[in-house]
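# Would you be able to build a 3D model of this:
(one chain, ligands or ions: 1)
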Amino acid sequence: MIKAIAAVGQAYELGKGNELLWTHPEDFKHFVNYTRNHVVIMGLNTYRSLPKALKGRTVLVLTSHPNGVELLQDSDIVLSGFTPDRVVDYAKSLLNEKGHDGVVVAGGGYVYGTFAPYVDELSLTYFEASDKNADAYFPADQYKTLLKGKVQELLTITGADNKVGFVIKSYRAN
Ligand SMILES: NC(=O)c1ccc[n+]([C@@H]2O[C@H](COP(=O)([O-])OP(=O)(O)OC[C@H]3O[C@@H](n4cnc5c(N)ncnc54)[C@H](OP(=O)(O)O)[C@@H]3O)[C@@H](O)[C@H]2O)c1
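All right, here's what the predicted structure looks like:
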């Protein structure tokens with residue numbers, strides 16, 4: 001099974017200027033739990049936006065410009081010239097080799113789109129906010145079928161202390 005995780009605004013905004021638009025400690029905890037001991041697939045833009053290494057996970061960084069990519073930890077791997085099929089096969093091959101529990105797609109906009117056909121479970125955090133200046137969006141159209149599948153509400157946090165509230169929903173294919 002391939003999972004994906006994203007946090008979006010009301011118009012599926014993902015980010016701006018290669019940064020997240022909204023964060024919340026409880027959503028961060030969810031991200032950590034959801035991706036723990038997983039192979040994590042992400043594009044170079046998203047990798048470059050990480051503040052620090054994702055410890056205990058193997059990050060596969062996709063780019064067609066592999067030279068000079070600085071890894072945040074030695075176990076992360078840069079993949080170049082791989083079709084999405086090959087990326088998925090390679091990610092699965094690491095499960096046994098590294099003792100990981102699963103594979104999760106973690107963005108950004110471009111990579112969510114590329115891997116949409118492979119994703120069986122999606123965790124979406126919906127922040128109660130919107131930003132017209134966003135420049136990266138979650139490709140909801142490409143996840144239409146999954147978004148009409150079995151839905152489970154995982155967590156609701158109301159806004160307080162200048163923090164934007166959110167609801168986390170998990171979607172699975174019927
Ligand atoms: N809210 C959230 O949950 C969330 C999660 C993740 C990211 N984000 C946000 O999303 C934004 C970044 O998204 P993005 O769409 O700009 O970029 P992205 O999806 O992170 O990365 C796109 C890049 O990945 C490389 N790539 C993707 N697929 C590839 C493949 N099969 N083979 C080789 N290279 C491949 C390409 O890099 P090259 O040009 O080097 O070839 C492409 O330009 C940021 O604002 C970030 O903060 C938000």
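# what does the chain put close to the ligand?
Neighbours of the ligand within the chain, by CB under 6 Å from any ligand atom: 6-7, 14-15, 18-20, 42-46, 49, 62-65, 80, 82, 84, 106-111, 114, 136. Heads up, the C-betas are built off the backbone N, CA and C, glycines and all.
# mind running it again at 5 Å?
Contact residues (CB under 5 Å from any ligand atom) of the chain with the ligand: 6-7, 14-15, 18, 20, 43-46, 49, 62-65, 107-111, 136.
# Narrow the residues you listed to those in strands?
Judged by DSSP state E, strands contain the following of the residues of the chain next to the ligand: 6-7, 14-15, 20, 43, 62, 136.
# Just the buried ones from the residues of the chain next to the ligand?
Buried subset of those (neighbour count, 16 or more other CB atoms under 10 Å): 6-7, 14-15, 20, 43-46, 49, 62-63, 107-109, 111, 136.
# got the residue ranges for the helices in the protein?
Taking DSSP state H as the test, the helices found in the chain are 25-35, 44-49, 84-98, 109-115, 144-147.
# Mean pLDDT added to the ones you listed, as CSV?
Shown next, in CSV, are the helices of the chain (pLDDT from 0 to 100):
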stretch, mean pLDDT
helix 25-35, 97
helix 44-49, 98
helix 84-98, 97
helix 109-115, 98
helix 144-147, 97
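# now the ones you listed in CSV, with distance to residue 72?
Output for these, formatted as CSV (distance: least, CB to CB, whole Å):
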stretch, distance to residue 72
helix 25-35, 14
helix 44-49, 8
helix 84-98, 17
helix 109-115, 17
helix 144-147, 30
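# Just give me the neighbour total for residue 144.
Residue 144 has 11 neighbours, counted by other CB atoms under 10 Å.
# Then residue 162?
Residues contacting residue 162 under the criterion other CB under 10 Å number 5.
# How much space separates it from residue 23?
12 Å (CB to CB, to the nearest Å).
# What of residue 102?
Separation of residue 102 from residue 23 (CB to CB) stands at 24 Å.
# Same drill for these two, tell me which one is more crowded.
The neighbour count for residue 102 versus residue 23, taken as other CB under 10 Å, is higher for residue 102 (18 against 15).
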